[in-house]
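> coords please:
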Amino acid sequence: MTSTAPEVDSGGRKAHPDHLGHVIFITAAAAMGGFLFGYDSSVINGAVEGIRGKYDIGSAALAQVVAIALIGCAIGAATAGRIADRIGRIRVMQIAAVLFTISAVGSALPFALWDLAMWRVIGGFAIGMASVIGPAYIAEVAPAAYRGRLGSFQQAAIVIGIAISQLVNWGILQAAGGQQRGTIGGLEAWQVMLGVMVVPAVLYGLLSFAIPESPRYLISAGRIDDAKGVLRDVEGPTVELDSRIAEIREHMRSEQKSSFKDLLGGRFGFLPIVWVGIGLSVFQQLVGINVIFYYSATLWQSVGIDPSSSFLYSFTTSIINIIGTVIAMVFVDRIGRKPLALIGSVGMAISLGLVAWAFSHKTGTGSHITLPNAEGTIALIGAHAFVLFFALSWGVVVWVFLGEMFPNRIRAAALGVAASAQWIANWAITASFPSLSDWNLSATYVIYTAFAVLSIPFVLKFVRETKGKTLEEMG
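The predicted structure follows:
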């Protein structure tokens, strides 16, 4: 039997449907940062072989150009929170939009390899800022009754950004005659791919002028009347503004600023729970998921698939990624985080093993490598299955775990360490793949398979289920 009673937040306040459309617009605008996060992270996939040919570089140098953006990501993520506390959430979004735009223009018109790398770092800095400020802003603006669903906009925007970047890359490749170095309007196709990011970057910047500042920041800056106006818009005209302001102030006063020192004290330096968070972050990357999104076009071309088809397969894996993310969002609160992670680990191990086996049958050398039809089909099915199992489990579950598993007194600092570990592992996989694939593509996927297998006992032994528990119950 369904209920028609209005939804209420934890304080008994009605979350007014009349205002939900406005709140959804605000949330979607903020989540454009997540779209750019996904788009910029994945757009390089279509440009890899064009960059290699343009600058005549080997796999090691190419890997650094691709992976160097992650250095900017780490810096942007580490600094965004403090900057936002000083100048506001909206200003940080606008700075990120400007950096995205500069990076897109610079990447499309590089003078040499070194400045292409520099533009990539600038874009990475914007990615890092967007990855932090979007979820924080949404959590602070969304009515409590809708916060969980609105918060999922960020992850949804990321996977949509990944898919759209692959579709746009494929379209540009068709316009360039199927060649990454084919020309469109005087630019090579790979340059156009990187330059197109100007469009969503500018849109992100424009949308940031159409949404309000976070009430939390406005209160911290002493702009109480402005904060009341925003709260009235997002929570409805019947909200008790003075009590809401007092509630937010009290919560801000009671928050404990955790530091790096609070994480120390275990036998191996960090507290055991911090090591579990680091382990989750590292395993999420060491299974090789970002190889699919950074290098999949190159990967399929390396086993004899023509460029147009390889770009199409990159797009289909992105669609699978979206489907898997939706599945995770539906089931993470129903069957629990830990079972979902275990299902994903088993599925990833099997599918990665199939890919490794299929790649072991490639024949030929240099640019004349092929896979037999049966093995080629298995490789494609295995790669798509891997993305599906990752997306419906570790892609979402790890972030849920990291948000819930740490005790209140260390949550902020522990999250920072775990996120840093994730960026480092991401860099290690991204930077090493071209050289590893040149050495032995099948063995490279055996390594990723091994990490997927090892994640199973790690989850069983060390990870506690957090479903249905309050944050206070976590210690």
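> for the helix or strand hosting residue 83, give me every contacting residue.
Taking DSSP states H and E as the criterion, residue 83 maps to helix 69-87. For helix 69-87, the surrounding residues in contact (Cβ atoms under 8 Å, 6 or more residues apart in numbering) are 40-41, 44, 91-92, 95-96, 120-133, 136, 217, 220, 416, 419-420, 423-424, 426-427, 430. Using the backbone N, CA and C atoms, a C-beta is placed for each residue, glycine as well.
> next, the buried residues of it.
69-78, 80-81, 83-84 (16 or more other Cβ atoms under 10 Å).
> just put those residues in JSON lines and tack on pLDDT and distance to residue 36.
Shown next, in JSON lines, are the buried residues of helix 69-87 (pLDDT from 0 to 100; distance: Cβ to Cβ, whole Å):
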{"residue": "69", "pLDDT": "86", "distance to residue 36": "13"}
{"residue": "70", "pLDDT": "84", "distance to residue 36": "16"}
{"residue": "71", "pLDDT": "84", "distance to residue 36": "18"}
{"residue": "72", "pLDDT": "88", "distance to residue 36": "13"}
{"residue": "73", "pLDDT": "85", "distance to residue 36": "12"}
{"residue": "74", "pLDDT": "81", "distance to residue 36": "17"}
{"residue": "75", "pLDDT": "86", "distance to residue 36": "17"}
{"residue": "76", "pLDDT": "86", "distance to residue 36": "12"}
{"residue": "77", "pLDDT": "81", "distance to residue 36": "14"}
{"residue": "78", "pLDDT": "78", "distance to residue 36": "19"}
{"residue": "80", "pLDDT": "82", "distance to residue 36": "14"}
{"residue": "81", "pLDDT": "79", "distance to residue 36": "18"}
{"residue": "83", "pLDDT": "87", "distance to residue 36": "17"}
{"residue": "84", "pLDDT": "87", "distance to residue 36": "17"}
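> check these against residue 310 and report the nearest one.
residue 69 (21.8 Å; Cβ to Cβ).
> skip the chain neighbours and tell me the closest residue to that closest one.
residue 124 (3.5 Å; Cβ to Cβ, 6 or more residues apart in numbering).
> show me the contacts for the one you found.
Taking Cβ under 8 Å, 6+ apart, one finds 40, 68-76 in contact with residue 124.
> let's see that with 10 Å instead.
Neighbouring residues of residue 124 by Cβ atoms under 10 Å, 6 or more residues apart in numbering: 40-41, 67-77, 99, 103, 423.
> same thing with residue 343?
331, 335, 389, 392-393, 397.
> of the residues you listed, which pair is most distant in space?
Top of the distance list for the contacts of residue 343 (Cβ to Cβ): 335 and 389, 14.7 Å.
> more neighbours: which of the two?
residue 389 (25 against 12; other Cβ atoms under 10 Å).
> per-residue confidence for the more buried one?
With respect to pLDDT, residue 389 has a value of 96.
> how close does the residue lying closest to residue 122 once chain neighbours are set aside get to residue 462?
Using Cβ to Cβ, 6+ apart and skipping the chain neighbours, the partner closest in space to residue 122 is residue 103 (4.5 Å). Distance of residue 103 to residue 462, computed by Cβ to Cβ, to the nearest Å: 38 Å.
> neighbour-wise, which of these two wins?
Between residue 103 and residue 462, residue 103 has the larger neighbour count (other Cβ under 10 Å), namely 27 against 13.
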